[in-house]
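**Q** here are the coordinates; sequence isn't available:
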């Protein structure tokens with residue numbers, strides 16, 4: 001499986017915001033729609049700080 005967990009980094013702290021994310025779609029300036037393996041969706045504001053495909057971890061930095 002190729003899903004990743006998405007974290008939001010604020011004040012140096014990473015907070016898990018969604019597990020098993022299958023797709024990330026831009027939704028405007030500094031906004032993304034996270035789409036889960038089972039069809040769930042969540043919108044989040046931030047900028048991409050790091051994408052680790054081998055570690056299945058994506059970090060968005062709060063703006």
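**A** Good, I have the coordinates. Keep in mind that what you see is a predicted model, and the values were worked out from it rather than measured.

**Q** From here on, just use CA atoms for contacts and neighbour counts.
**A** Will do.

**Q** Partner strands of the longest strand seen in the chain, with direction?
**A** Criterion DSSP state E: the longest strand present in the chain is strand 13-26. Strand pairing for strand 13-26, determined by DSSP bridges: strand 4-10 (antiparallel), strand 31-36 (antiparallel).

**Q** what about these, which gets the closest to residue 54?
**A** Between residue 54 and the strands paired with strand 13-26, the shortest gap by Cα to Cα is with strand 4-10, which sits at 9.3 Å.

**Q** Now render the strands paired with strand 13-26 as CSV, adding mean neighbour count, distance to residue 61 and mean pLDDT.
**A** Shown next, in CSV, are those (neighbours: other Cα atoms under 10 Å; distance: least, Cα to Cα, whole Å; pLDDT from 0 to 100):
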stretch, mean neighbour count, distance to residue 61, mean pLDDT
strand 4-10, 20, 5, 98
strand 31-36, 19, 11, 98
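
**Q** So which of the ones you listed is nearest residue 51?
**A** Closest to residue 51 of those is strand 4-10 (Cα to Cα; 9.3 Å).

**Q** Would you mind giving the strands paired with strand 13-26 as a markdown table with distance to residue 20 added?
**A** Listed next are these as a markdown table, based on distance: least, Cα to Cα, whole Å:
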| stretch | distance to residue 20 |
| --- | --- |
| strand 4-10 | 5 |
| strand 31-36 | 6 |
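
**Q** Out of the ones you listed, the one nearest residue 63 is which?
**A** strand 4-10 (8.5 Å).

**Q** for the record, mean pLDDT for the longest strand of the chain?
**A** Average pLDDT, strand 13-26: 97.

**Q** For that strand, buried residues please.
**A** 18, 19, 20, 21, 22 (16 or more other Cα atoms under 10 Å).

**Q** Show me which of the residues you listed is closest to residue 34.
**A** Using Cα to Cα, residue 21 is the member of the buried residues of strand 13-26 that sits closest to residue 34, with 6.4 Å.

**Q** residues in contact with the nearest residue to the closest one once chain neighbours are set aside?
**A** Excluding the flanking residues, the one nearest residue 21 by Cα to Cα, 6 or more residues apart in numbering is residue 36, at 4.3 Å. Going by Cα atoms under 8 Å, 6 or more residues apart in numbering, residue 36 touches 18, 19, 20, 21, 22, 23.
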